[in-house]
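Student: I'll drop the sequence and a predicted model, then ask my questions.
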Amino acid sequence: MDLRKYRSFWLDWFGLVGREIGGSKSWFTDNPSVFIRAVEDHITTRRPCFMSVQPFRAQNVVFGLERVFLDFDSKTEKPNWKETFAEVRGLTKQLKERFDTEPLIVKTWRGFHVYVFLKEALEFCFGQESTHNWMYWRLQEELLEGVPHHTLDTKCLGNLKQLTGVPYSMQEEGKECLPVNMNCQPVYIENLDVYRERGIAQDLLRKLTEKASEVNPAKKG
């Protein structure tokens, strides 16, 4: 496995702020070179490598919202990827049609991760973590509305501090964490440009927040 071919992708995956990186224990870095070394070390030693979905400004402090994450896992003892991917594919088709987005699908050892990027990252204000968690949960629920998602791992809902497997790295049981297309075939991605260009605009976030505030007025402001 020539790890050099994935470095440009991993740099884009890390982004411009900081991240929490994890294996058995998570830690913070704002240095992308440190992240690259960590990923390559984990791959070489066949250990899982995880990174926070959202950018962080310090250990345990989320910087803002950059992408929406949904986790689909097979519920059977022997993973049923066909059943799980059917739900992922249905969701992906709806996201394309309803929001004109281009979701990124990543195959994991028990299912699939789905990422929907924002066109521009939304920076959070200090001291409003509960409001941000709630807004994120509402956005996830809106994206899931109207499609079957029985295999969704609900622990991802509202979890802005989620860490997930780094694409093109190793996961549990030595399985690779690979981006796939709509036919569930592995694909090589050099950067995330198309996923950001066809991401969620901030006016949609505003509309969802206003809609949710009408349902739960206590969350206004």
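Tutor: Looks like it arrived, so ask away.
Student: use CA for all of it now, contacts and neighbours both
Tutor: Will do.
Student: following the strand ranked longest in the chain, which helix or strand shows up next?
Tutor: Using DSSP state E to define each element, the chain has its longest strand at strand 111-123. The C-terminal neighbour of strand 111-123 among helices and strands, as given by DSSP states H and E, is helix 129-144.
Student: give the other helices and strands that the helix or strand that that following helix is followed by contacts.
Tutor: Sequence order places strand 163-165 as the next helix or strand after helix 129-144, per DSSP H and E. Packing partners of strand 163-165 (3 or more CA pairs under 8 Å, 6 or more residues apart in numbering; DSSP states H and E): strand 19-22, strand 50-52.
Student: so residue 13 touches residue 190, yeah?
Tutor: No - contact between residue 13 and residue 190 fails when scored by CA atoms under 8 Å: they sit 10.1 Å apart.
Student: quickly list what's touching both of the two.
Tutor: Here residue 13 and residue 190 share no contacting residue, scored by CA atoms under 8 Å, 6 or more residues apart in numbering.
Student: compute the inter-axis angle for the longest helix along the chain and strand 111-123.
Tutor: Ranked by residue count, the top helix of the chain under DSSP state H comes out as helix 81-99. Counting by axes from the mean of the first three to the mean of the last three CA atoms, to 10 degrees, helix 81-99 points 30 degrees away from the direction of strand 111-123.
Student: contacting residues around the following helix or strand past helix 81-99?
Tutor: Using DSSP H and E, the helix or strand that directly follows helix 81-99 along the chain is strand 104-107. For strand 104-107, the surrounding residues in contact (CA under 8 Å, 6+ apart) are 112-116, 167, 177-181, 195.
Student: from the chain's centre, how far out does strand 104-107 sit?
Tutor: The chain centroid and the centroid of strand 104-107 are separated by 9 Å under CA atoms, centre = their mean, to the nearest Å.
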